[in-house]
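Novice: coordinates for the following, if possible.
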Amino acid sequence: MSTESILKDTSIAFLESYLNNASPTGYESEGQKLWMNYLKPYVDTFITDTYGTAVGVINPDAPFKVVIEGHADEISWYVNYITDDGLLYVIRNGGSDHQIAPSKRVHIHTKKGIVKGVFGWPAIHTRLRDKEEAPKISNIFIDLGCETKEQVLEMGVHVGCVITYPDEFMILNENKFVCRAIDNRMGGFMIAEVARLLKENNKTLPFGLYIVNSVQEEIGLRGAEMIAQTIKPNVAIVTDVCHDTTTPMIDKKVEGDLKMGKGPVIAYAPAVQNKLRDLIVDTAEENKIPFQRHATSRATGTDTDAFAYSNGGVASALISLPLRYMHTTVEMVHREDVENVIQLIYESLLKIENNETFSYFNNN
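Specialist: Down below sits the predicted model:
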């Protein structure tokens, strides 16, 4: 299967709408509805849970269960304090980067709808008089154009409202996808494309396939932790993003040597089951899919960990997408890597045998 044929115009149109939609941690449901609507023609049924994780299921009656997974949530802010002058101070919802906040436009999500605002910042002229202060949680603030706290409250904004950036999808130099929340709605997109390819290529799997779009990864892998108990899978292949380490100010000796455009990244970590990872590596080599390797030390920091250590142990692996500028509004990935991750997951599924235990202690 040529990667040139993987992403259709309809795929890109869905990706754009899905990335542009806001799905902050804890408030993912509108994005999940978009995702489920796209996935609907390619699956037999859906599972959803109390906190909003969505799962498309193929062969729901099969006893052997394989998960492919991404996470749906994006980093954001909470309104934490409103001053008498109508300014908002914030706390993180996930790993939001305080250094990129000044001068960013924001959307505050209220029951009355979106309220627009900006992260204000003192002018350069006033900062040069003394030692410059760097942006930090205690000094970044949002201005809604209000003059009093009462005006803020009248707009429907209160402590606990969630805040996102409105930055939208674009393509740079024909093959670089740029947006906020590529971490990790691109994962949800890629697993949906795997389901589409299985349907369009008339592939019949001998096991149940659970296409999982988990919530609340950014605050501790919580959605995956919950849905793993519900599904009780036998195997889980997780996809998330990792760092392109070729950009300035990143130390390859610490972060590894990874570059977008050079292929999917296969993880090495205690949570990664060795035989499942070997199957994925063999699949890449047999199908001439370029790939890179990354050692993640004691934890992957992704939903792989949640699946691996659930239900007495689930054979799990991680296939990552190299990304530049993680947790900014200009996250960037290479189209060819996106296509190759899709192909690698697709081909790996076709290689997994029904009732495969991946045991280290027998030949099965």
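
Novice: give me the residues contacting the lowest-mean-pLDDT helix or strand in the chain.
Specialist: Sorting the helices and strands of the chain by mean pLDDT, DSSP states H and E puts helix 124-127 at the bottom, at a mean of 88. If you take C-beta atoms under 8 Å, 6 or more residues apart in numbering as the criterion, helix 124-127 is touched by Glu133. For glycine as for every other residue, the C-beta is placed from the backbone atoms N, C-alpha and C.

Novice: roughly how far does Asp282 sit from Ile289?
Specialist: According to C-beta to C-beta, to the nearest Å, Asp282 and Ile289 sit 11 Å apart.

Novice: so for the two, which sits in the more crowded spot?
Specialist: Neighbour totals were compared for Asp282 and Ile289, and Ile289 leads with 19 against 13 (other C-beta atoms under 10 Å).

Novice: can you give me the helices in the stretch 151-300 of the chain?
Specialist: 182-200, 222-231, 252-255, 274-286 (DSSP state H, counting those that start in this stretch).

Novice: show me what the strand or helix carrying Ile68 pairs with in its sheet, parallel or antiparallel.
Specialist: Using DSSP states H and E, the element containing Ile68 is strand 65-71. Here strand 65-71 has these sheet partners by DSSP bridges: strand 208-214 (parallel), strand 235-243 (parallel).

Novice: just to revisit the earlier point, now the helices of the stretch 151-300 of the chain in CSV, with mean pLDDT?
Specialist: What follows is those, written out as CSV (pLDDT from 0 to 100):
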stretch, mean pLDDT
helix 182-200, 98
helix 222-231, 98
helix 252-255, 96
helix 274-286, 98
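
Novice: looking at those, which is nearest to Trp121?
Specialist: Smallest distance to Trp121 across those (C-beta to C-beta): 24.9 Å, for helix 182-200.

Novice: for the stretch 1-150 of the chain, what spans make up the strands?
Specialist: 45-48, 54-58, 65-71, 76-82, 87-93, 105-110, 113-120, 141-143 (DSSP state E, counting those that start in this stretch).

Novice: just these: most buried one?
Specialist: Comparing these by mean neighbour count (mean count of other C-beta atoms under 10 Å), strand 65-71 ranks first with a mean of 27.

Novice: now the angle from it to strand 54-58?
Specialist: 150 degrees (axes from the mean of the first three to the mean of the last three C-alpha atoms, to 10 degrees).

Novice: return strand 65-71 as CSV; C-alpha atoms alone will do.
Specialist: Extracted as CSV, the C-alpha positions of strand 65-71 are listed here (Å, rounded to 0.1, in the frame of the first residue of the first chain):
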residue,chain,number,x,y,z
LYS,A,65,-9.6,-7.6,22.0
VAL,A,66,-7.0,-5.4,20.4
VAL,A,67,-6.9,-1.6,21.2
ILE,A,68,-5.5,1.1,19.0
GLU,A,69,-5.5,4.4,20.9
GLY,A,70,-4.9,8.1,20.8
HIS,A,71,-6.1,10.9,23.2
